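Sequence plus predicted model, see below.
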Amino acid sequence: MFSMMTVAAGDAGASGGSQPLVNKVCLYTFVASLIGVVVAMFLISSATVVNVVIALLVMGALPALGRALGNGNIGEGIVPAILGAVGSALGLLVLSALFWSLLVGATAKGVAFGRLVLFSIVGCIVGSLLVLVLASPLGQDPNWLQTAFVLWGVVWSAAIAFPMSR
């Protein structure tokens, strides 16, 4: 499906072929992150400590595994996935994203550490701003916290997918 989404290389490449519009590693990282966010949302809704910890572990491990799957080398992504799970479970939501980017950026090969930390912080800020903007019209719904968590997670997932694919 995504192999059809190409643009002409023109002056960009010497081969004269076409370049993919969607980077496979970026797409796999984003989709794996979203799966982690949705699974975490369902686990957190039960409000038990064990489920919240499992949710944070899943949310931290899947982006690194998605990157490894996109690269075609799943064995190389095991250590960043384990450390990403640990970093995600260390703190609250925004602090988890910072710990996650520090641990995964330090261990994943080919990931620019500074860029990953920067994009993770930007994703946290933009996601939090989106949640605050939408809190007024949607804040009266009892399920608003689940919606806010997914919205924040989508923005953060999109932010970290880009530097992990470069």
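Nice, thanks for sending it over.

In stretch 119-127, which residues are buried?
By neighbour count on 16 or more other Cβ atoms under 10 Å, the buried set for stretch 119-127 is F119, S120, I121, G123, C124, G127. Every C-beta, even on glycine, is put in place using the N, C-alpha and C of the backbone.

so where does the last one fall, helix or strand?
It stands for G127. Counting by DSSP states H and E, the element that carries G127 is helix 113-138.

Quick one: list the elements packing against that helix.
Applying 3 or more Cβ pairs under 8 Å, 6 or more residues apart in numbering; DSSP states H and E, one finds that helix 113-138 contacts helix 93-107, helix 144-165.

Count residues in the vicinity of P63, would you?
Each residue near P63 was counted by other Cβ atoms under 10 Å, and the total is 33.

returning to that earlier point: any idea which of the buried residues of stretch 119-127 is closest to Q140?
Nearest to Q140 among those, counting by Cβ to Cβ, is G127 at 21.1 Å.

so what's the closest one up against?
Residues in contact with G127, defined by Cβ atoms under 8 Å, 6 or more residues apart in numbering, are L151, W152, G153, V154, V155, W156, A159.

and what of F30?
Here F30 is in contact with G66, S157, A158, A161 (criterion: Cβ under 8 Å, 6+ apart).

Just put the residues you listed in a markdown table and tack on distance to S33, pLDDT and neighbour count.
A markdown table is the format used below for those (distance: Cβ to Cβ, whole Å; pLDDT from 0 to 100; neighbours: other Cβ atoms under 10 Å):
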| residue | distance to S33 | pLDDT | neighbour count |
| --- | --- | --- | --- |
| G66 | 6 | 83 | 27 |
| S157 | 3 | 82 | 24 |
| A158 | 8 | 82 | 18 |
| A161 | 7 | 80 | 26 |
